[in-house]
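In: here you go, sequence then predicted model.
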Amino acid sequence: MIIPFYKYQGTGNDFILIDNRNKDISLTNEQVAFLCHRRFGIGADGLILLELEAAVDFRMVYYNSDGNTSSMCGNGGRCITAFAKYLGVIEDKAKFMASDGLHEASIDNHGMVSLKMQDVKQVESGEDFFFLNTGSPHYVKFVNDIEHFDVYNQGKMIRNSERFHEEGTNVNFIEKKEEDLFVRTYERGVEDETYSCGTGVTAAALVAALKGISTGKNNCIIKTKGGSLEVTFEKVLEQNFYNIWLKGPATSVFSGSIQLD
């Protein structure tokens, strides 16, 4: 079986995009893991199928690089919006279904994609961490000297702790430096640090708002290893956020085809 594919990235978070509107492609978990492998396959943090769905423009089916289907991916949602525009499925606005429900998105002529995230109605405040779900579960912790912080080992330890080892969690480390907020993320399913995580950046921005250190009153610009993303939001109660939007670039990298046995 020969599969055409497209490679996209959003602030360094990279994905294999496949047009599956004809439903003629069915992948096993092992095949997805092979395609995402950076030595033996194409290489990516995840794989996304674009499929047709009644009453919306398309459905986003997302797999982590370990081959398993996963919860919502913010940067993946922005990349599939750009991919849908390339395919002619949409013009500049989209409504699509993902694992966590309905999403809206828009894309401008410069490839900047704005994605509406799900409302967040509860943020757990621990002794030295925050925990919330922004479409995917996120553990957020403030640290010092984030450039030299051991994200891999510290993130792996939290992700595999007694509380999280079954379902897993993404782990975000954040530091405020003068006017900037910098986030580094260990992602479950990838089981490593990624250059950026859209739902993680969203979680970090909301936590920054709770602590009163957002870069703006109802918005926050977050730096990641792969670039900057902006999160805008509105807040009703102390831990109740709605009208949350994640904005940033989504870029086509290359396309090709690959043989699968």
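Out: Received it, and whenever you're ready, just let me know what you need.
In: need the next SSE after the helix or strand bottoming out on mean pLDDT in the chain, C-terminal direction.
Out: Every helix and strand of the chain was ranked by mean pLDDT, DSSP states H and E. The lowest is strand 227-237, at a mean of 92. Next helix or strand after strand 227-237 toward the C-terminus (DSSP states H and E): strand 240-249.
In: CA atoms only: put the least confident helix or strand of the chain into CSV for me.
Out: In CSV, the C-alpha atoms belonging to strand 227-237 read as follows (Å, rounded to 0.1, in the frame of the first residue of the first chain):
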residue,chain,number,x,y,z
GLY,A,227,8.3,29.8,18.5
SER,A,228,5.6,31.9,20.1
LEU,A,229,1.9,31.3,20.4
GLU,A,230,-0.8,33.6,21.7
VAL,A,231,-3.8,32.5,23.9
THR,A,232,-6.8,34.8,24.3
PHE,A,233,-9.6,34.1,26.7
GLU,A,234,-12.4,35.4,28.9
LYS,A,235,-12.8,34.6,32.6
VAL,A,236,-16.1,34.5,34.5
LEU,A,237,-15.1,33.1,37.9
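In: I'd like to know which elements the helix or strand residue 199 falls within is packed against.
Out: When elements are assigned from DSSP H and E, residue 199 belongs to helix 198-210. Packing contacts for helix 198-210, counted by 3 or more Cβ pairs under 8 Å, 6 or more residues apart in numbering; DSSP states H and E, involve helix 74-87, strand 130-133, strand 137-142, strand 170-177, strand 180-187, strand 219-224, strand 227-237, strand 240-249. For the C-beta atoms, the positions are set from N, CA and C on the backbone; glycine is no exception.
In: residues touching the shortest one, excluding its own?
Out: Which is strand 130-133. Applying Cβ atoms under 8 Å, 6 or more residues apart in numbering, the external contacts of strand 130-133 come out as 120, 122-124, 137-141, 169, 203, 206-207, 210.
In: kindly recompute the last result at 7 Å.
Out: 120, 122-124, 138-140, 203, 206-207 (Cβ atoms under 7 Å, 6 or more residues apart in numbering).
In: in it, what's buried?
Out: Buried residues in strand 130-133, counted by 16 or more other Cβ atoms under 10 Å: 130-133.
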